[in-house]
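Novice: return atomic coordinates for the entry below.
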Amino acid sequence: MFSLSLITSPENFADEHILIEKMFELGLESIFVRKPHLPESLVERWTLGINYKWHDKLIPWQGSAHSFEELKKIKGREIVLLGPVFDSISKHGYKSKFSKKELQAGIAEWRDFAPENSKTKLYALGGIESENINELAKLGFDGAAVLGAVWNYADPVEAFEGLRFSLTPQHS
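Specialist: Take a look at the predicted model:
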């Protein structure tokens, strides 16, 4: 089953918590909490703005891999992120370094690299939109973590719904 997760906006803004809770109500599976401009103690305080019933869906940001070599060095995580898979939406000029064939082969090799990798979920990161999200499961990803495809829109909840509904039934 393909999972759709979100990465918090790097910037704090009014109603952010309300929008996130609405997305949880619509089926958001998890959110990676990434607030690079806040010290860790304030990130913990930020999470208090989210209703406690959703706290099991908040995942602390642990970074991402940008190559298969980096990916092989990451151990002991339930979910790892690899990207940018497509040209980034939120970071202008941040281009994908992978072809589709390289992704398929690299993911298969990574899964065979260590027995624990078969249990680790691999999420795609970077440039994911409704037009390309369904390609990710075919490439071998277990899910996607999006940022710009949601937060760059005037109505982030509507943008999330559009992404979620663009997933074909066999991938959602």
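
Novice: all strands for the chain, in order.
Specialist: Ranges of strands within the chain are 3-7, 30-33, 58-60, 79-82, 121-125, 143-146, based on DSSP state E.

Novice: center of the protein - which residue?
Specialist: Nearest to the geometric centre of the chain sits residue 145, at 1.2 Å (Cα atoms, centre = their mean).

Novice: tell me which residues form a beta bridge with it?
Specialist: Judged by DSSP bridges, the bridge partners of residue 145 are residue 5, residue 125.

Novice: now for it: which residues touch it?
Specialist: Applying Cβ atoms under 8 Å, 6 or more residues apart in numbering to residue 145 gives the contacts 5-7, 32, 81, 123-125. Any C-beta I mention is one placed from the backbone N, CA and C, and that applies to glycine too.

Novice: on that earlier part again, adding distance to residue 22 and mean pLDDT, write the strands of the chain out as JSON lines.
Specialist: Formatted as JSON lines, these follow (distance: least, Cβ to Cβ, whole Å; pLDDT from 0 to 100):
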{"stretch": "strand 3-7", "distance to residue 22": "12", "mean pLDDT": "97"}
{"stretch": "strand 30-33", "distance to residue 22": "12", "mean pLDDT": "98"}
{"stretch": "strand 58-60", "distance to residue 22": "15", "mean pLDDT": "97"}
{"stretch": "strand 79-82", "distance to residue 22": "23", "mean pLDDT": "96"}
{"stretch": "strand 121-125", "distance to residue 22": "22", "mean pLDDT": "97"}
{"stretch": "strand 143-146", "distance to residue 22": "16", "mean pLDDT": "97"}
